[in-house]
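**Q** predicted model and sequence below, questions to follow.
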Amino acid sequence: MDYKKVFDRFAGQNVFLKTVKRPSINDAQRAALNRRGNVLYNEGDIEGARRIFLTTGYSDGLVRIGDFYKSQGRKLDALRMYWIAPDRKRSKPIIMELSALIQNLIHEEDSPA
């Protein structure tokens, strides 16, 4: 796939495009980045740690970021981290809660006022 052609379609639109292709890094680089991400997380730089953990695919780190987001009431962000991790055990309650919310909204919309 020619990514340049794909990205050129969005030039000037001020958008962020996510690809699933991770940079190729060896195990030593991955371990060093994960250690750095852990340091950032412990220092309170959650977003810096998140970027590193997304890059390396470090599932334990992504789950911790998700737990942090959940504790801050950012359930959609937490769900995204859990889903990428992948941690379906933590994802499922949030999905169920959102499903119930959507069902209630649909029910309210269908009910006569």
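**A** All right, it came through fine. Residues are numbered from 1 along each chain as shown.
**Q** what mean pLDDT does stretch 47-59 get?
**A** When pLDDT is averaged along stretch 47-59, the result is 95.
**Q** low-confidence ranges in the protein?
**A** 1-4, 6-7, 10, 13-23, 112-113 (pLDDT under 70).
**Q** let's see that with 80 instead.
**A** Along the chain, the parts satisfying pLDDT under 80 run over 1-23, 109-113.
**Q** list the buried residues in the helix or strand where Gln103 lies.
**A** Element membership for Gln103 (DSSP states H and E) is helix 88-110. For helix 88-110, a neighbour-count test (16 or more other CB atoms under 10 Å) marks Arg90, Ser91, Ile94 as buried. In this view, the C-beta of every residue, glycine as well, is placed from N, C-alpha and C.
**Q** just stretch 72-81 next, same as before
**A** Asp77, Ala78, Leu79, Arg80, Met81.
**Q** other residues contacting it?
**A** Contact with stretch 72-81 is made by 50, 62-63, 65-67, 69-70, 90-91, 94-95, 97-98, as judged by CB atoms under 8 Å, 6 or more residues apart in numbering.
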